[in-house]
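Student: What follows is a predicted structure for the sequence shown.
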Amino acid sequence: MNRRVRTTDGEILTKYIIPFWDREWRVVLTVLDRFGTPPAIAFHAPQAQDANHVLLPLPSGDLLGLDRWNPDSFLPLFHYDPWWAFRGIGGVPDAVKQAILPANIAKRFKWRKQEWKVHDVIFGDGDGRVRAIVAKNDMFHRREFTNDDIDLDATWPKGDGRTR
């Protein structure tokens, strides 16, 4: 929340930065909920961080508005949005919101007959990959789930009836 993004040609102040990844745990796009303008997408931009910024290795002119994005493109993707920010973000067409909301993993899931709740996602150091999904069970035991532990499609089925 409330992070500064450094692009190759400037700085962007955001409300939220939400990476989306595919079933191979690769970040394929990042949504920036920017202050003062509608949200935008950065494609295939691995994120890195310095002390004050999230770094995106692209010019700000390469950002694409969510209103120009095909909603079906979000169907095979996943993201972690514990605030469910997309419900209230302005400048996002309803069709895009409806495609994004089922992709949110910020909900309970079952693993080996036990309930877990996602608490965080750990990303690799600028390699554009999700390293682990952090969850806690009802006894507050913490576990980092990797792609060796869980299948994203089976763990968080979209339930939208569409083919992915």
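Tutor: Noted; the coordinates are in hand. Residues are numbered from 1 along each chain as shown.
Student: Is it correct that I133 falls within a helix?
Tutor: No - the secondary structure assignment for I133 gives strand rather than a helix, going by DSSP: H, G, I helix; E, B strand; the rest coil.
Student: low-scoring stretches of this protein, by residue?
Tutor: Scanning the chain for pLDDT under 70 picks out the ranges 45-47, 159-164.
Student: Going along the chain, name the strands of it.
Tutor: Read by DSSP state E, the chain holds these strands, from start to end of the chain: 4-7, 10-21, 27-34, 40-43, 48-49, 53-55, 64-65, 78-79, 108-111, 114-123, 130-137, 142-145.
Student: Please name the strands paired to the last one in the sheet, noting orientation.
Tutor: So the one you mean is strand 142-145. Taking DSSP bridges as the criterion, strand 142-145 sits next to strand 130-137 (antiparallel) in its sheet.
Student: Render the CA-only coordinates of the partner strand in PDB, please.
Tutor: What follows is strand 130-137, C-alpha atoms only, in PDB (Å, rounded to 0.1, in the frame of the first residue of the first chain):
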ATOM      1  CA  VAL A 130       6.400 -16.200  -6.800                       C
ATOM      2  CA  ARG A 131       8.700 -18.100  -4.400                       C
ATOM      3  CA  ALA A 132       6.000 -19.100  -1.800                       C
ATOM      4  CA  ILE A 133       2.500 -18.400  -0.500                       C
ATOM      5  CA  VAL A 134       2.500 -17.900   3.200                       C
ATOM      6  CA  ALA A 135      -0.500 -19.200   5.100                       C
ATOM      7  CA  LYS A 136      -1.500 -20.000   8.700                       C
ATOM      8  CA  ASN A 137      -3.800 -22.700   9.900                       C
END
